[in-house]
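A predicted structure for the sequence below; I have some questions about it.
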Amino acid sequence: MTTAAGAGDEPETVLVRVSGPDRPGITAGLMGVLSNADAEVQDIEQIVIRQRLSLGVVIAVPQGRDLLKELLLFGWEHEVDVDFELVDRKPTEHRQASIVNVLGVELSPNDIAAVAKVIAQSGGNIERIVRLSNYPVMSYELLVEGADETLLRELLIETRQHRSIDMSVQRDGLARRATRLVVLDVDSTLIQDEVIDLLAEEAGCVSAVASITEEAMRGELDFEASLRKRVELLKGLDEEAIDRVWARLRFTPGARTFVRTLKRLGYRVAIVSGGFTRLADRIADDLDLDHAHANTLEIVDGHLTGRITGPVVDRERKAELLSQIAADEGIPLNQTVAVGDGANDVAMLNAAGLGIAFCAKPVVRAAVDTALSVPYLDAVLFLLGVSREEIEQADAEDPNTPQVRMVPTGHDWAQRPTA
């Protein structure tokens, strides 16, 4: 940056890097130095990690202008390191970008290395890494450019089978940032329980219901047949048993935080359940959900008849309801998210723009692109680019939100609140 002027000479393109302790006024001071030298700012990137600044500025410097002394003086006055290098005048060409999310109770250097290796194998380059949370899980968002997205997805799915971490791939762009509908399964997803099992306890037929469930899991019965057989065993159960089951339901840790945050962001939230309307509707009221679909138990004279009325919400029906709700809300399918844990959810998960197998069995995890194995429903927010700090700040600013805050001890989150 000390070249003598020449007629018609092009300005030099220089990358200026500033690093050191962060404090107010550094960026303003640097821009003042550049302005006095008539430099043109072409690009800026800045990040602060643990109060340490890393700032990069690409500038065009008119030939004959000497910035060396001014920049070194600026660094000395602000106690930061300043270096620079000539770079190509041509701006970086941005290629198709993907977002890779990595989550785990622990993320070792070896885990991150494995993800980075897969990205390189797919032809991608990591442009940026941002930490989204350090509890209840560690999570990072990686901006990747140039990757073969199909190959990247396949390699990450293969990698996650051998590690205790979760990974997802989404195409970066407006559709991801415009995601506006989340549809959730209920049993073992939004809640920790299986409602049919709780009703079976009330009716005294736990073993018989479990036997039918095992038949279905072996493929000897489809979902509708198995559901109807199990409901038959509830015949004669008093209607108040549903109230007793409601009192026993346990929301999945993070469920209220998840829904509360989605609603703040303007999302529509729905539940599509293979369970029963009498409970699904109460859940929807409790969480202020926008849609609720489930099976209807026939009740006559205050007792269950052992029959279901109307269409059964099975695998195909769940996918149909996702499309129907999206159409009713005027939301394209590629702007939807579906979350579920069972084989009954697979069609819905694959129909959504982002389908997430939540704490699911291996056969379900293998059938979808994205899976979460951590038992905290609000971890889904990290896949949507929402950080833990943003969630907590919004809660702190809302006087109607219960102010619960975890104090981590190592990686033990057994006492994590369910709010």
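Received the coordinates, thanks.

where's residue 319, which helix or strand?
In this structure, residue 319 sits in helix 315-329 according to DSSP states H and E.

Which strands border the following helix or strand past that helix, and is each parallel or antiparallel?
Sequence order places strand 336-340 as the next helix or strand after helix 315-329, per DSSP H and E. Next to strand 336-340 in the sheet, as set by DSSP bridges, lie strand 181-184 (parallel), strand 354-358 (parallel).

what helices or strands is the helix or strand following the first one leaning on?
Using DSSP H and E, the helix or strand that follows strand 181-184 towards the C-terminus is helix 195-203. Under the contact definition 3 or more C-beta pairs under 8 Å, 6 or more residues apart in numbering; DSSP states H and E, helix 195-203 sits against helix 206-217, helix 223-232, helix 240-248, strand 268-276. C-beta coordinates here come from the backbone N, C-alpha and C atoms, glycine included.

can we see that at 7 Å?
helix 206-217, helix 240-248, strand 268-276 (3 or more C-beta pairs under 7 Å, 6 or more residues apart in numbering; DSSP states H and E).

Figure out which of these is closest to residue 230.
Proximity of these to residue 230 was assessed by C-beta to C-beta; the nearest stretch is helix 206-217, lying at 4.9 Å.

pLDDT weak spots in the stretch 201-350 of the chain?
The model of the stretch 201-350 of the chain has no residue with pLDDT under 70.

Just the C-alphas of the helix or strand hosting residue 278, formatted as PDB.
Applying DSSP H and E as the criterion places residue 278 in helix 277-287. Extracted C-alpha coordinates of helix 277-287, given in PDB (Å, rounded to 0.1, in the frame of the first residue of the first chain):
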ATOM      1  CA  THR A 277     -59.300 -35.800  20.000                       C
ATOM      2  CA  ARG A 278     -60.500 -35.500  23.600                       C
ATOM      3  CA  LEU A 279     -56.800 -35.200  24.700                       C
ATOM      4  CA  ALA A 280     -55.400 -33.600  21.500                       C
ATOM      5  CA  ASP A 281     -57.900 -30.800  21.700                       C
ATOM      6  CA  ARG A 282     -57.000 -30.100  25.400                       C
ATOM      7  CA  ILE A 283     -53.300 -30.100  24.500                       C
ATOM      8  CA  ALA A 284     -54.000 -27.600  21.700                       C
ATOM      9  CA  ASP A 285     -55.900 -25.300  24.000                       C
ATOM     10  CA  ASP A 286     -53.200 -25.500  26.700                       C
ATOM     11  CA  LEU A 287     -50.400 -24.600  24.200                       C
END
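
Tell me which strands the helix or strand following it pairs with, and in which orientation.
Per DSSP H and E, the first helix or strand lying C-terminal to helix 277-287 is strand 291-300. Sheet pairing for strand 291-300, assigned by DSSP bridges, gives strand 268-276 (parallel), strand 303-309 (antiparallel).

What distance do you get for residue 110 to residue 166?
As judged by C-beta to C-beta, to the nearest Å, residue 110 and residue 166 stand 16 Å apart.

Look at the two and report which has more neighbours.
residue 166 (24 against 8; other C-beta atoms under 10 Å).

circling back to that earlier point, hmm, who's touching the helix holding residue 278?
186, 190, 195, 242, 245-246, 256, 259, 271, 273, 292, 294-297 (C-beta atoms under 7 Å, 6 or more residues apart in numbering).

relative to helix 195-203, how tilted is that helix?
Angle, helix 277-287 to helix 195-203, by axes from the mean of the first three to the mean of the last three C-alpha atoms, to 10 degrees: 120 degrees.

how many degrees apart are helix 277-287 and helix 240-248 in direction?
Helix 277-287 runs at 30 degrees relative to helix 240-248, counting by the same axes, to 10 degrees.

tell me which residues of helix 277-287 are tucked away?
Of all the residues in helix 277-287, those buried under the rule 16 or more other C-beta atoms under 10 Å are 277, 278, 279, 280, 283, 284, 287.

Return the alpha-carbon coordinates of stretch 44-58 using PDB.
Output of stretch 44-58 as PDB, limited to C-alpha atoms (Å, rounded to 0.1, in the frame of the first residue of the first chain):
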ATOM      1  CA  ILE A  44     -16.700  -6.600   5.900                       C
ATOM      2  CA  GLU A  45     -16.800  -9.700   8.100                       C
ATOM      3  CA  GLN A  46     -16.600  -9.500  11.900                       C
ATOM      4  CA  ILE A  47     -16.900 -12.000  14.800                       C
ATOM      5  CA  VAL A  48     -16.300 -11.800  18.500                       C
ATOM      6  CA  ILE A  49     -15.400 -15.000  20.400                       C
ATOM      7  CA  ARG A  50     -14.900 -14.800  24.200                       C
ATOM      8  CA  GLN A  51     -14.300 -11.000  23.900                       C
ATOM      9  CA  ARG A  52     -11.700 -11.500  21.200                       C
ATOM     10  CA  LEU A  53     -12.300  -9.600  18.000                       C
ATOM     11  CA  SER A  54     -11.600 -10.900  14.500                       C
ATOM     12  CA  LEU A  55     -12.400  -8.200  11.900                       C
ATOM     13  CA  GLY A  56     -11.700  -8.400   8.200                       C
ATOM     14  CA  VAL A  57     -12.300  -5.600   5.700                       C
ATOM     15  CA  VAL A  58     -11.700  -5.700   2.000                       C
END
